[in-house]
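>>> model this:
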Amino acid sequence: MEMIRPPMGWNSFDCYGVSVTENQVKANADFMAENLKDFGWEYVVVDVEWYSYTNHPQPDGQIYVPFGRVEMDEYSRLFPCVQKFPSAAAGAGFGPLASYVHGLGLKFGIHIFRGIPRLAAHSHCKLWNSEVTADQIADPYSICEWNPDMYGVDPSKPGAQEYYDSLIELYAEWGVDLIKCDDICRMDADSAREEIEMIRRALDKTSREIVLSLAPGPADPENCDFYRENAEMWRVTDSFWDDWDQLRGMFDVCKLWQGKPSDMGFPDCDMLPIGLIGVGFGEERRTRFTIDEEKTMLTLWSLCRSPLMIGSELTKLDQETLQLLTNVQVMRLTEVSTGSREAYRDNDVIVWRARDRYDEAEYVAVFNISSASTPFCPKPFISKVDGNAIELWRGEPINIRSTEDIPGHGCILIRVD
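The predicted structure follows:
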């Protein structure tokens, strides 16, 4: 699927973990439709364990319960937990919620794990349109390191492809527009590569266009062509949270992937842990990122054409962060930026450069990676010295020949026509 712009939207995990409910998804979708849709934000993604009756961290701090109660049909396919998603009752699945989201002019996505439910394998459940049972395609040695719900699928077994076909057919019937498949991107399991291919084949059999997102990372840049052939987005980092050291490290990650984004697929820098997060983890809090650090993150992600998925409770989004997310000139970089590369680095400053795919304008981003304000002159990194220069976050002209004071962990983002 060719996409000029990587997906932009909201994902429930950073705020709600395993506990997100239908009403919370609807409230965030309503906010997006009213406040963000016109700026390119359109996906509403229900993340992990929507099928599980577990809805809060356990006393030992774990958020996943081995062999806990789940909703599953007779054909080994997980369904939404009706306590969390009442409209899924009577086998409706996510159909009603997807219709609600579509009615707002938005798109709907879900999270899944690689493989087949362990409960289905242990119960010898049927597979859709097959004489094979779940235990016959499950590989009990192919397990996720952090989640106990699934066994990997053995690609060599009859019925394995048919199982994935039945999943994708079901999701298409529900009206799903994006599937985030976990425990698969970095290909820890021997079967992961083939399971990616099986999911791709299943997607190609449906008439519905569904974005495939692979997680977690770090993905290997040497596998870029494989990812691009089989998915629309793939994670280039492990779970990313609101920690400056992690954000600082993303400059190295993005450098590994510079030149890789294309309209056929996008390296994914992970969700944006901004605003109010942590509700479902028992620690409701505002992100640890400062506004300047949020600008740095959004600038780097946008220049590198990463998908943008907000992780916060949108209905409680602070005004400063909302203004960042609705900066048209910055957000459009996910579409127009081309040739984005690191141009300079020292102990205090990192500079990235790119061009506009449509009008050849230049973009120069100067990042202050030190904690103190740093003066910096962007002129040496701009070839159009006689062009009109605008600092995009402020929306104001900037003199590229003068020294600009950049706050600690902050940045300036310049467009020169």
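>>> I'd like the average pLDDT over stretch 303-311.
The average pLDDT for stretch 303-311 rounds to 97.
>>> Please read the previous query as pertaining to stretch 120-138.
For stretch 120-138, the per-residue pLDDT averages 97.
>>> contacts for that stretch?
Contact with stretch 120-138 is made by 72, 74-77, 115-119, 140, 151-154, 157-160, 162-163, 166, 169, as judged by Cβ atoms under 8 Å, 6 or more residues apart in numbering. Placement of C-beta: from N, CA and C, glycine included.
>>> Now restrict those to buried residues only.
72, 75-77, 115-119, 151-154, 159-160, 162-163, 166, 169 (16 or more other Cβ atoms under 10 Å).
>>> These in strands, which ones?
116-117, 151-153 (DSSP state E).
>>> Identify, from the residues you listed, the entry nearest to N23.
Taking Cβ to Cβ as the measure, N23 sits nearest to P117 out of these, at 26.2 Å.
>>> My read is that that closest one contacts G152, right?
No. With contact defined as Cβ atoms under 8 Å, P117 does not reach G152; the gap is 11.7 Å.
>>> helix, strand or coil for D135?
Under DSSP: H, G, I helix; E, B strand; the rest coil, D135 falls in the helix class.
>>> what's around it, how many residues?
D135 has 17 neighbours, counted by other Cβ atoms under 10 Å.
>>> do the same with V328
11.
>>> Tell me how many other residues surround the closest residue to it other than its chain neighbours.
Spatial nearest neighbour of V328, chain neighbours left out: F39 (6.2 Å); criterion: Cβ to Cβ, 6 or more residues apart in numbering. F39: 16 surrounding residues under other Cβ under 10 Å.
>>> Could you report the distance from F39 to L247?
Going from F39 to L247 by Cβ to Cβ, to the nearest Å gives 23 Å.
>>> and what of F79?
With Cβ to Cβ as the criterion, F79 and L247 are 37 Å apart.
>>> Regarding the closest residue to Y363 other than its chain neighbours, what is its secondary structure?
Leaving aside its chain neighbours, Y363 sits nearest to A354 (4.5 Å; criterion: Cβ to Cβ, 6+ apart). Secondary structure state of A354, per three-state DSSP, is strand.
>>> what's around A354, how many residues?
So A354, with other Cβ under 10 Å, has 24 neighbours.
>>> Name the helix or strand for the residue nearest to A88 when sequence neighbours are not counted, please.
Spatial nearest neighbour of A88, chain neighbours left out: P80 (3.8 Å); criterion: Cβ to Cβ, 6+ apart. Under DSSP states H and E, no helix or strand contains P80.
>>> How many residues are close by P80?
25.
>>> same deal with the one 10 residues further on?
Neighbour count for A90, taken as other Cβ under 10 Å: 7.
>>> quick one: it and K26, what's the gap?
19 Å.
>>> Kindly report the same for M309.
18 Å.
>>> Neighbour count for these two, which is higher?
Counted by other Cβ under 10 Å, M309 and K26 do not tie: M309 has more neighbours, with 29 against 16.
>>> Phi first, then psi, for that one.
Here is the backbone geometry of M309 (degrees, to the nearest 10): phi -130, psi 110.
>>> Contact partners for it?
The neighbours of M309, taking Cβ under 8 Å, 6+ apart as the test, are 7-11, 43, 45, 270-272.
>>> In a markdown table: the residues you listed, plus secondary structure and distance to I400.
A markdown table is the format used below for those (DSSP: H, G, I helix; E, B strand; the rest coil; distance: Cβ to Cβ, whole Å):
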| residue | secondary structure | distance to I400 |
| --- | --- | --- |
| P7 | coil | 33 |
| M8 | strand | 29 |
| G9 | strand | 34 |
| W10 | strand | 36 |
| N11 | strand | 37 |
| Y43 | strand | 36 |
| V45 | strand | 39 |
| D270 | coil | 32 |
| M271 | coil | 33 |
| L272 | strand | 29 |
